[in-house]
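Participant: what's the 3D shape of this:
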Amino acid sequence: MRHITVLNSKGGCGKSTIATNLAVYFALEGAQVVLADFDPQRSCLDWLETRPASCAPITGVAAYNDGLRGVPRGTDIVIIDAPARCHGRELTDLVRRSEQFYASEILSVEHALLERLDEVKVITVSGPSSSGKTTTTKKIAEALGREGKRLLPINVDNYFYDLESHPRDPHGDYDFETPQALDMPFLNQQLGELLAGKSVDIPYYNFKTGKREGVTETLKLGPDDIVLIDCLHGLYEPMTSAVPPDKKFKVYIETLAQVKDATGRFIRWTDVRMLRRMVRDMQFRNYNPRQTLLHWYLVRRSELRYIVSRLKHADIVINSFMPSELPLMKRRLGHLFPQFVQELADDADRTDATDRASRVVALFDAIPDFDGEPFIPSDSLLREFIGGSSYTY
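Facilitator: Numbers count the residues shown, from 1 in each chain. Now for the predicted structure:
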């Protein structure tokens with residue numbers, strides 16, 4: 001299910017016109033479309049009532065009363081017409097409601113899996129860096145757990161080689177983005193042992209020391225269990241070569257943002273994820289934001305080579321972008337980027353980092369400054385990055 005929100009703090013700027021035209025476009029393309037009207041003035045719903053029955057069908061939802069509870073199962077596209085004066089706490093509340101969209105994405109995965117539960121033994125949740133794979137893995141585990149299935153999550157980060165054996169880039173930075181940074185022979189050995197009914201000791205990787213240290217947990221796969229893998233390179237075949245194709249179900253997740261900056265250009269999904277990773281690495285992985293920025297060209301190179309090129313092999317795609325994250329990231333990181341641009345301006349070897357930093361400065365300049373962090377739910381995907389999650393990562 002795809003979700004598009006049309007919002008602006010001013011009334012009379014044409015939000016409802018854009019929302020209705022988007023709904024018509026997708027309906028004519030054959031999609032099952034919902035037009036959710038959060039504005040009590042009911043402009044979109046009134047328009048739907050006058051629309052001829054012979055037109056491509058669009059379902060209207062009075063979201064100003066009941067939120068998104070009325071969105072029917074099987075919907076492909078939800079177009080949200082937000083009310084005027086939507087800012088600050090009101091905007092945060094609206095975005096929190098949009099967390100339901102992400103929940104519906106998880107529900108879509110659950111429904112697709114139910115059709116193959118008799119054969120699937122390994123689920124991979126993959127996607128580029130900081131797309132939200134770990135939280136998605138946990139939520140899929142919860143969803144299928146409610147269906148009576150026991151899921152055994154495996155975090156592939158624990159299979160990184162020790163730093164002394166780790167690949168490096170030309171600048172001497174450790175390259176965590178390439179599949180070759182992972183001990184794939186050992187991972188496949190343990191997957192094969194799990195499928196054979198043996199017990200395996202899952203390693204523990206300490207990012208602060210750069211070494212595998214001890215055991216995270218001991219796992220054994222029962223007849224009704226499913227291995228659930230949080231994996232950057234889940235669509236990379238050598239990653240799970242020990243598992244027969246018919247026993248795998250592959251989920252792909254990405255920040256499919258449909259937001260334009262002040263110049264009218266769509267913001268880059270990779271920049272959104274870079275901001276997430278900066279905040280996360282600063283708190284949990286002993287990495288400062290400047291290091292993340294300088295390292296990001298490796299991230300993007302690896303994504304294009306090993307991840308995006310294999311997207312066609314995914315069984316289902318999840319959108320993890322949330323509009324609320326941009327002002328949150330601005331509050332956390334906004335003061336750093338002008339300094340990055342200034343420091344890197346004359347470094348010919350760091351043009352990629354300079355360009356990215358300049359884009360983020362322009363993006364943050366166009367974003368309202370408000371503190372919506374206290375209103376983010378404790379089980380939100382965003383908590384994976386900003387902290388305060390009810391999950392243990």
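Participant: setting the sequence-adjacent residues aside, check what's closest to Asp225.
Facilitator: Arg150 (4.9 Å; Cβ to Cβ, 6 or more residues apart in numbering). Any C-beta I mention is one placed from the backbone N, CA and C, and that applies to glycine too.
Participant: where does pLDDT dip in the protein?
Facilitator: Applying pLDDT under 70 to the chain picks out residues 1, 9-11, 66-69, 84-97, 369-372, 374.
Participant: what residues sit buried inside the longest strand seen in it?
Facilitator: Counting by DSSP state E, the longest strand found in the chain is strand 211-220. Buried residues in strand 211-220, counting neighbours by 16 or more other Cβ atoms under 10 Å, are found at 212, 219.
Participant: I'd like the next helix or strand past it.
Facilitator: Downstream of strand 211-220, the first helix or strand assigned by DSSP states H and E is strand 225-230.
Participant: tell me the strands beside that next one, with direction?
Facilitator: strand 122-126 (parallel), strand 150-155 (parallel) (DSSP bridges).
Participant: could you pull out the helices for the stretch 1-150 of the chain?
Facilitator: Remark: helices assigned in the stretch 1-150 of the chain by DSSP state H, counting those that start in this stretch are 15-28, 43-50, 63-66, 88-97, 99-114, 133-145.
Participant: mean neighbour count added to the ones you listed, as JSON lines?
Facilitator: Listed next are the helices of the stretch 1-150 of the chain as JSON lines, based on neighbours: other Cβ atoms under 10 Å:
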{"stretch": "helix 15-28", "mean neighbour count": "19"}
{"stretch": "helix 43-50", "mean neighbour count": "16"}
{"stretch": "helix 63-66", "mean neighbour count": "16"}
{"stretch": "helix 88-97", "mean neighbour count": "18"}
{"stretch": "helix 99-114", "mean neighbour count": "18"}
{"stretch": "helix 133-145", "mean neighbour count": "21"}
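Participant: nearest to Pro327, of the ones you listed?
Facilitator: helix 88-97 (8.4 Å; Cβ to Cβ).
Participant: coming back round to it: how about the residue nearest to Asp225, what does it touch?
Facilitator: Taking Cβ atoms under 8 Å, 6 or more residues apart in numbering as the contact definition, Arg150 lies against 222, 224-226.
Participant: again, only using 10 Å
Facilitator: By Cβ atoms under 10 Å, 6 or more residues apart in numbering, the residues touching Arg150 are 141, 144, 221-222, 224-226.
Participant: same check on Ile106?
Facilitator: So Ile106 contacts 135-136, 138-140, 142-144, 251, 318, 381 (Cβ under 10 Å, 6+ apart).
Participant: identify the farthest-apart pair in these.
Facilitator: Among the contacts of Ile106, Leu144 and Leu381 lie farthest apart (Cβ to Cβ), at 17.8 Å.
Participant: I am finished for the moment; much appreciated.
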